[in-house]
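Q: Here's my sequence, what's the structure:
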Amino acid sequence: MNVQIIALGKLKEKYLVDAVKEYEKRISAYAKFSITELEPKWISENPLGAEISCALEQEAKEIIAKIPKNSLVIAMCIEGKQFSSVDFAKEIEKAGINGKSDIVFIIGSSYGLSDRVKKLASIRMSMSEMTFPHQLARVMLVEQIYRAFTILGHRKYHK
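A: A predicted model of the protein is given here:
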């Protein structure tokens, strides 16, 4: 299975970069894993709705170009469904059973994702009703991907 995260923005803090690298290493025992970082479009300090929509649409073009054909696309968005770790693992398992060898998670910019990207996604997923910094949310997602594989592999990591 190939698991990819397409994320707007780069991780900046070393401790977050190190955390993601550790989980990348762990995930590699279960799947091919990659992160594609795209540059968010510049938006003024006090943008109007049209400026945000335009930037999100430009980002959408770049995101969509990076999605492999026949992938299970999971858009990370605040209005998405929340999963328990076990239920999340079941979604990954179901993707494999249904012949999806590529799973792509999309993390938008601080203004989210365009409606076009959200409509393309098979699943809209939310980490929590709480708000987290974008960079921390990426670490949390990578950890949950690893946890899902340990659940499916009946490993001790998940308790």
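Q: and the longest strand belonging to the chain, what does it pack onto?
A: In the chain, taking DSSP state E as the definition, the longest strand is strand 72-81. Counting by 3 or more CB pairs under 8 Å, 6 or more residues apart in numbering; DSSP states H and E, the packing neighbours recorded for strand 72-81 are strand 102-107, helix 115-120, strand 123-125. The way it works is simple: take the backbone N, C-alpha and C, and place the C-beta from them, glycine included.
Q: tell me the most buried of these?
A: strand 102-107 (a mean of 24; mean count of other CB atoms under 10 Å).
Q: Now do that one against strand 72-81, angle only.
A: 40 degrees (axes from the mean of the first three to the mean of the last three CA atoms, to 10 degrees).
Q: Can you tell me the strand partners of strand 102-107 and which way each runs?
A: Paired neighbours of strand 102-107 in the sheet (DSSP bridges): strand 2-8 (parallel), strand 72-81 (parallel).
Q: Could I get the contacting residues of the residue most central in space within the chain?
A: Nearest to the mean C-alpha position of the chain, by CA atoms, centre = their mean, lies residue 105 at 3.2 Å. By CB atoms under 8 Å, 6 or more residues apart in numbering, the residues touching residue 105 are 3, 4, 5, 6, 74, 76, 125, 141, 145.
Q: Helices of the protein, start to end?
A: 14-27, 49-65, 85-97, 115-120, 134-152 (DSSP state H).
Q: quick one: average confidence on the longest strand of the chain?
A: For strand 72-81, mean pLDDT rounds to 96.
Q: Contacts only, for the nearest residue to residue 20 once chain neighbours are set aside.
A: Spatial nearest neighbour of residue 20, chain neighbours left out: residue 142 (5.3 Å); criterion: CB to CB, 6 or more residues apart in numbering. Contacts here follow CB under 8 Å, 6+ apart; on that basis residue 142 touches 5, 19, 20, 23, 24, 27.
Q: Got a quick ChimeraX command for the buried subset of those residues?
A: The ChimeraX selection below is limited to those of the contacts of residue 142 classed as buried (16 or more other CB atoms under 10 Å):
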select :5,19,20,23,24,27
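Q: Pick the one among the contacts of residue 142 closest to residue 112.
A: Minimum distance to residue 112 across the contacts of residue 142 is 15.9 Å, recorded for residue 5 (CB to CB).
Q: wait, the closest one sits on residue 141?
A: Yes. Under the criterion of CB atoms under 8 Å, residue 5 makes contact with residue 141 at 6.8 Å.
Q: Thanks again, I'm all set now.
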